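Participant: Predicted model follows, preceded by the sequence.
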Amino acid sequence: GAVVSQHPSWVICKSGTSVKIECRSLDFQATTMFWYRQFPKQSLMLMATSNEGSKATYEQGVEKDKFLINHASLTLSTLTVTSAHPEDSSFYICSARRQIDSPLHFGNGTRLTVT
Amino acid sequence: DAKTTQPTSMDCAEGRAANLPCNHSTISGNEYVYWYRQIHSQGPQYIIHGLKNNETNEMASLIITEDRKSSTLILPHATLRDTAVYYCIVRDDSNYQLIWGAGTKLIIKP
């Protein structure tokens, strides 16, 4: 159990366009979902924490108007990269947990390339 | 900052046990130790976690020292598919966040 599905697995877009990434918990209800980005050969960097039905909490240095997060239900959170630029190219990963002290389960990531 | 230190890389022969060490000397009483792994270009995969006692599941065993300042993840019979970066993480007890360090790149050799 505890499967997290992330879609799309990869996307290429042009500068200035917006891209939406979906994260779904398939077999459990996730009270909290997290969004990370990972650059090559680096560790995961937490971008924001998303609780169902409330505004996301962003980490320092992450622009909330650029990375829009919506957590509309207990099984779905979305990350929209608005007005994407080449420097936004990265590997974006989501994770979800049932409750505060549960293990995190991760999606398989989305490779975003902005040209 | 990450609360753990791990070797940067390790090799292990296929079929042998892979023992991955982790130091977490500043761990506090209620903080859990989590292990995840990340295969290239995939999301991290949960392996195991523990507080004080040794733990075992279908993937691995976790041995935590009595003083809880270090732990070892054991993959009993490593296969080529176990090649990945292994992360040892102490969960922050104030907000239950996982702070990711650099991990250990484990290479299983035939």
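Facilitator: Perfect, thanks for sending it.

Participant: Leaving out chain neighbours, which residue sits closest to the closest residue to chain B within chain A?
Facilitator: In chain A, no residue comes nearer to chain B than residue A:106, which is 3.7 Å away by CB to the nearest CB. For the C-beta atoms, the positions are set from N, CA and C on the backbone; glycine is no exception. Closest residue to residue A:106 in three dimensions, ignoring its sequence neighbours and counting by CB to CB, 6 or more residues apart in numbering or on different chains: residue B:43, at 3.7 Å.

Participant: Okay, and the beta partners of the residue of chain A closest to chain B?
Facilitator: Using DSSP bridges, the beta-bridge partners of residue A:106 come out as residue A:95.

Participant: so who does it touch?
Facilitator: By CB atoms under 8 Å, 6 or more residues apart in numbering or on different chains, the contact list for residue A:106 reads A:4, A:93, A:94, A:95, B:36, B:43, B:44, B:45, B:46.

Participant: make it 6 Å
Facilitator: A:4, A:93, A:95, B:43, B:44 (CB atoms under 6 Å, 6 or more residues apart in numbering or on different chains).

Participant: now the last one: how far from residue A:91?
Facilitator: In this structure, residue B:44 and residue A:91 are separated by 11 Å, where distance is defined by CB to CB, to the nearest Å.

Participant: quick one, which of those two is more surrounded?
Facilitator: residue B:44 (29 against 19; other CB atoms under 10 Å in any protein chain shown).

Participant: correct me, but the more buried one touches residue B:38?
Facilitator: Yes. Assessed by CB atoms under 6 Å, residue B:44 is found in contact with residue B:38 at 4.6 Å.

Participant: Quick check on residue B:82: phi, psi?
Facilitator: Note on residue B:82: backbone dihedrals following degrees, to the nearest 10 are phi -80, psi 0.

Participant: what's the helix or strand for the closest residue to it other than its chain neighbours?
Facilitator: By the measure of CB to CB, 6+ apart, the closest residue to residue B:82 outside its immediate chain neighbours is residue B:108, 5.2 Å from it. Following DSSP states H and E, the helix or strand that holds residue B:108 is strand B:104-109.
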